[in-house]
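Asker: Sequence first, predicted model second:
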Amino acid sequence: MITLTDLTKVYRTEEVETTAINKLNLTVKEGEFVSIMGTSGCGKSTLLNIIGLLDAPNEGSYSFDGTEVAKFTEKQRASLRKANIGFVFQNFNLIDELSVYENIELPLIYNNVKSSERKQRVTEIMERVGIAHRAKHFPLQLSGGQQQRVAVARALVTNPKLILADEPTGNLDSKNGNEVMELLTELHASGATIIMVTHSSYDAQFSSRIVMMKDGEVISEKTNTRDIDVLVE
Amino acid sequence: MLQTWIKLFFRNSKKNWLNLAVNISGLTLGFAGLLIVLLYFNDELSYNDWNPNKEDIYRVSNESRENGIWFSSTSAEAILFKSDIPEVEETILVSPFYRSRVLIDGGTKVYTDKTTLTEPNFFDFFPFTIIEGSTTKFAENRKHIALSKTLASKLYGKKSSIGKMIKIDGNDHIITCVYEVPGNSHYESELLLQFSKPFELHWGNFQNELFCRLTKDSNTDEVREKMNNVIIERNVKPQLATNNMTLEEVKEKYGVMTVLLEQLSTIRLHHKANNAGPGGKGNYQLLLVLLGLSILLIVISCVNFINLSTASASQRAKEVGVKKTLGLSKKQLIFQYVFEILFQGLLALLLGLILVEFLLPYFNQFMDKNITLLNGEVLLKLIGIAIITSILIGSVPALYLANFKTIEVLKGNFSRSKKGIIARNIMLGLQFLISGFFLIGVLVIYNQMAFMIHKDLGFKKEQTLVVDVYNLGDEFKKYTLVKNVMSKHENITGVSTSMFVPGDGNVNGTNLEYREKDIGFNAGSNTVDHNYVEFAQLNLLKGRTFSEEIASDTITSIILNETAAKRLGIYNDPIGKKVNIGWQRQGDERKLEVVGMVQDYHFDGFDVKIDPMFLIHWKTFPRTKDWINAIQFKIKSDNISQTIADIEEFWKENIDDKYPFNYEFLDAHFAQTYEKYEKQQTMFLILSTIVIIISLLGLFALATLTIQQRLKEVAIRKTLGASVKEIIFQLVKSFLKITLIALVVLLPVSYYLMQNWLDNFVYRIDMPIWPYIITPIVLLLLVFTVVGVKALNATKIDLIKYLKFE
């Protein structure tokens, strides 16, 4: 589904040139759950941003579902993004002024989904992530775990081909964190493609493959054989 | 520490230079506006301030039922008030308008248009600074004159002028005194001439301003009562017998004249009569309105300043967080921030001063003033205001910043208060309201002005040259000479004269009576030459015009305007009716016969209702033949300057070689009658421009602030796929709401106020509707543009930054 070849991203300021990603190669197949790990500044967030079409690489090729998108304009990236990719962030990034329902509905509005269908889909997804009873609440009235579930629901509501999660448990305690990871695992089990950046090797074990990065390069890849029993802490 | 602070300030400013520029320019405009108004206010208040007698000198005005308030008085009042009322120490009569005179010493001729006729004791009332000579010498003889320093130096340069013999109007005078007017003054004359002889007691001649000097601490109400008594005892009662009426009957039928006393110290701004000396009067209401507006401007620019500073303060939150973590106290933080703002405030003040220095010449020209920036008191006040405002506007963002919770700030979270947002929105709405009002005002005034300029005035003012006639003697003879010779000029199609030159504001009247029906009233008395009706292209409705062929036209013929005919009740059939006028003295038994009726025309200003008026030939009352103030020429449009040069040449040789040859085209002359409104228009235009600029700055500030606070939201929406259009709409929406609310208030309020303004005019337009359509469109467009640009910028943000860290 995703094939990155010799991908390079360089940040330039007036004096300094920082290579965030250095000729990186990576392939992610449909239905995979991949964790990206590495120390701070290794380029994992940059990589996620590029995969998520929030940012563009300087060199190399990026094929998304068979389409070469490395040279896409911002507008092209935006339209591909809103149709195909859902995001989950460490700090949830919900809009404080909108209710749970409205937050989840937002991407559907931007994808021009009809109002009746919107209602059905939002209700469905709220049930699925277990937040339906909070529909009318505002983000600040929810616990961190609940907020992240809203964020996940929002990422899922458009049925994206790919879900990107940037340290989804970073702001959560272990109990809430676990809940979110279980949710992602369930999604994976039902066929979703997920790429997750994380610091936590515990979280990483939920995924099917772990990619280790250092200095903008992939240094090792490891396929997870051990299944975590999600019911046991 | 100071060093770090300065470094931080300049680096921050560099990053936010646009905000800084907006902040400082808003304050600069505010300070400049306030400074100009304060200077103006101060200048108006300073009238007669220098005069040590200002508290004891009162001008006497006369109020009567028929005539309203007259600011001039009779010689009888001057003489009797002094002799009969102990509190009145001294009185003086002074001519109320400046006259023009030419001073001649051998070959040197000097012209002044600021001559005042007065009595010998002038300097007891107005003790000007004496440069040379003495005031006692001046008072000794009625041939003695006093000159201002400027006029004296025009005559004699640096040499002494005391004792010099001068010819004025053919009479010899001796200069005995040279003075300087110490400050703004009721009289700022350049030449003081004395009345040729002392006044005789006369009750009928309201020609001069009367001043009384009262003893210290006298009760003005009592003095007034005594003066009113003098009028009844010495004027009204003696006439009762001849009229065969009782005092009560006279009071009932005609009313009795009473006096008003106006203190010299406050007469400029608080005059009850419609005059405050030959220099003109002040307008206290206008001053208050201007002061209020300038304060409003300051307040608005302060609010804008606060909004924008708070916005950029959020950007500096991290700096605050770090400083606090490193142990800086809250007090120190606030102090630093206030100090920063104070610095900006003082910079704005400096720029404001430069701006005012630059604008003052125009302002002076516009207001006919002579104001300088070198006014310690005003400057001190302004500096005080600037410092206080800076501290005030500095403390809000400072407190906002200093109260950030250290940890949250470092994490990048801070909340905003709902109350603050509402207050800001109200202020912004208010700014829209004011801008909108000025915009509508400008448009309505413009419409009325256009209407006035293009309205049919009832006479033709085009291609008419008006040449001033000074105090020449034998004026009618000279006029006839001009007419006979210049009529033959190939580019002059007509020469005529009328006492009323439209636009002069110089209209006098006398009684017009139709004794058959016992109707009488005051009517404008316009003495004219035979050809005037044709010359001015007045519209003759009935009868005929004056003709040189008909002898009675210089003896008994009279032409009325419509209003006069209507008031006399002879509108339908005026011709042949016999009337009398107040100029006829006892023994003059003539009956004047109406030979024609002309359509009403604007012989006075445009904003004055057309009064009853009659036309009569100069010769009908021979004493009027020396009252010609101007001769009018109709000239062809080719070679105008040559024609004028020809007239001037003839004029200098045959008519007048002393006074300057002063001419003006009648249309320009008439335009002076709406000069006041033109000034209002300009003022509205300037004010509206300033207010709109400041409001736009405010809008910019608030847009910056709110959009700043919503950047994270923008980032989220964008990530979720919102288009640029959708995001811009989202951001502009709240501002549109404010604008619409402001508009709802604006339209009725300004309709009402402008309706009131239009009611000032006797001849006015119907309220135009289009200003009420254009103004909302303009405001909405401006909002869209300013907020739209800001919002567009917001959509270009670095998504990753806001999603990750905000």
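Answerer: Nice, thanks for sending it over.
Asker: Around the nearest residue to residue B:662 once chain neighbours are set aside, how many other residues sit close by?
Answerer: Excluding its sequence neighbours, the residue lying closest to residue B:662 (C-beta to C-beta, 6 or more residues apart in numbering or on different chains) is residue B:468, at 4.2 Å. From N, CA and C alone the C-beta is placed, and that goes for glycine too. By the criterion of other C-beta atoms under 10 Å in any protein chain shown, residue B:468 has 16 neighbours.
Asker: again with residue B:305
Answerer: Counted with other C-beta under 10 Å, the neighbours of residue B:305 add up to 30.
Asker: Helix or strand for it, just tell me which one.
Answerer: helix B:284-315 (DSSP states H and E).
Asker: Point out the other helices and strands that that helix packs with.
Answerer: Using 3 or more C-beta pairs under 8 Å, 6 or more residues apart in numbering or on different chains; DSSP states H and E, the elements in contact with helix B:284-315 are helix B:17-45, helix B:330-367, helix B:376-402, helix B:418-454, helix B:675-709.
Asker: buried stuff in the fourth one?
Answerer: Of the residues in helix B:418-454, those scored as buried under the neighbour-count criterion (16 or more other C-beta atoms under 10 Å in any protein chain shown) are B:424-425, B:427-445, B:447-449, B:451-452.
Asker: List the residues that contact the residue of the stretch 51-200 of chain B found nearest chain A.
Answerer: For the stretch 51-200 of chain B and chain A, the shortest gap (C-beta to the nearest C-beta) falls at residue B:184, measuring 60.0 Å. The neighbours of residue B:184, taking C-beta atoms under 8 Å, 6 or more residues apart in numbering or on different chains as the test, are B:43, B:46-50, B:268, B:279.
Asker: residues in chain A within reach of chain B, list them.
Answerer: For chain A, the contact set with chain B under C-beta under 8 Å from any C-beta of the partner chain comprises A:45, A:49, A:54-55, A:78-79, A:81-83, A:87, A:89-91, A:93-97, A:106-107, A:110-111, A:154, A:166.
Asker: What about the residues you listed, which are in helices?
Answerer: A:45, A:49, A:78-79, A:81-83, A:106-107, A:110, A:154 (DSSP state H).
Asker: quick one on the thing from earlier: quick check: the residue nearest to residue B:662 vs chain A, distance?
Answerer: Using C-beta to the nearest C-beta, to the nearest Å, one obtains 74 Å as the distance from residue B:468 to chain A.
Asker: For that residue, list the residues it contacts.
Answerer: Residue B:468 sits next to B:629-630, B:659, B:662-663 when contact means C-beta under 8 Å, 6+ apart.
Asker: Model confidence for the residue positioned nearest the centre of chain A, exactly?
Answerer: In chain A, the residue lying closest to the centroid (C-alpha atoms, centre = their mean) is residue A:164, at 1.3 Å. On the pLDDT scale, residue A:164 is placed at 91.
Asker: Just want the phi and psi numbers for it.
Answerer: The phi/psi pair for residue A:164 (degrees, to the nearest 10) reads phi -110, psi 130.
Asker: And for residue B:189?
Answerer: Torsion angles, degrees, to the nearest 10, at residue B:189: phi -70, psi 150.
Asker: now swap in the one 3 residues further on and tell me
Answerer: The phi and psi values for residue B:192, taken as degrees, to the nearest 10, are phi -110, psi 110.
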